[in-house]
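Engineer: Model the following, please.
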Amino acid sequence: MKNFRQQQHRPKKSALIVGREAIITAMKSGKQLERIYMQATVHGEVIDEIKKLAEQNQVPVNKVPVEKLNNFNVFNHEGCIALIAKVQYQNLQDVISFVVEKGETPLFLILDGVTDIRNIGGIARSAYAFGVHAIIIPDKGVGALNEDAVLTSAGALEQLAICRVNSLMKAVDELHLNGIKVFATEMTAAKNIYECNFTEPCAFVLGGEEKGIYPALMKICDEQIQIPMPGDFESLNVSVSAGIVLYEAAKQRAVAK
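Structural biologist: Predicted structure coming up:
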């Protein structure tokens, strides 16, 4: 049987920052990093500084065996290699303020536990096509927005605002403070998407296919919604679900103009 699993390509050396001091310098200078790969056994003051700066800059740190680092085919990595971000992360409040100042109605997507870059790419394409102002992702537990993800998205990830936050719970609170209603997509929800008003400022939370939306996050959302399906099937792919929900929002907003 043919293997349809997407091949992961080794990042180009120009996309890497190699070594402890180089990574510290990059973060202090404001360089945006996708993530830091750190050998699981390293420790010391410099390592602690890297972890502290990574937390401040919301950069995920992946602890990995040395074989993973060696696979990047670079030398003198000192147990630390950083991947330069392919997308430019933006502050959530700044994006909200920009959208409101333009006189547009905010439309956001929140991804909770979506790890497959093919799904992220598909979601980004739909988001860009249907006028989403930003995709909100956590700094941990999400697929890397690397070169493969950008390629899968057909470049949409480079055109969209991406807001990386250290807490999706806090992000929802921030949306609420700005008058943005948050809908959680849930296959067993009582209300379906055709019964909702998406012409108002709103955001949609999409959960990963394995675990769905984190229960505590689901609890603070304003409403739970589902896509009605006449067919007897358990659920839709998350990127397909995103496209359907966003199309409904775009349709409602077009009719309301």
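Engineer: can you give me the strands in the chain?
Structural biologist: 16-18, 33-39, 61-64, 80-84, 107-112, 134-138, 161-165, 181-185, 191-192, 202-207, 223-226 (DSSP state E).
Engineer: Next, the angle from the fourth one to strand 33-39.
Structural biologist: In other words, strand 80-84. For strand 80-84 against strand 33-39, the angle by axes from the mean of the first three to the mean of the last three CA atoms, to 10 degrees is 160 degrees.
Engineer: Packing partners of strand 80-84?
Structural biologist: With contacts taken as 3 or more CB pairs under 8 Å, 6 or more residues apart in numbering; DSSP states H and E, strand 80-84 sits against strand 16-18, helix 20-28, strand 33-39. In short, each C-beta sits where N, CA and C put it, glycine included.
Engineer: Show me what the helix or strand of the chain with the lowest mean pLDDT is packed up against.
Structural biologist: Lowest mean confidence among the helices and strands of the chain (mean pLDDT, DSSP states H and E): helix 147-152, at a mean of 86. Helix 147-152 sits against helix 117-129, helix 156-159, with contacts defined as 3+ CB pairs under 8 Å, 6+ apart.
Engineer: so which of the helices and strands packed on strand 80-84 is the most packed in?
Structural biologist: Burial of these is given as mean neighbour count (mean count of other CB atoms under 10 Å); strand 33-39 ranks first at a mean of 21.
Engineer: How far does that one sit from its chain's centre?
Structural biologist: 17 Å (CA atoms, centre = their mean, to the nearest Å).
Engineer: again with stretch 58-65
Structural biologist: Using CA atoms, centre = their mean, the offset of stretch 58-65 from its chain centre is 16 Å.
Engineer: which residues are contacting that stretch?
Structural biologist: Stretch 58-65 has contacts (CB atoms under 8 Å, 6 or more residues apart in numbering) with 27, 33-40, 50-51, 53-54, 82, 89, 139-140, 164-166.
Engineer: weakest of the helices and strands packed on helix 147-152 by average pLDDT?
Structural biologist: Looking over the helices and strands packed on helix 147-152, mean pLDDT reaches its minimum on helix 156-159, with a mean of 92.
Engineer: I am finished for the moment; much appreciated.
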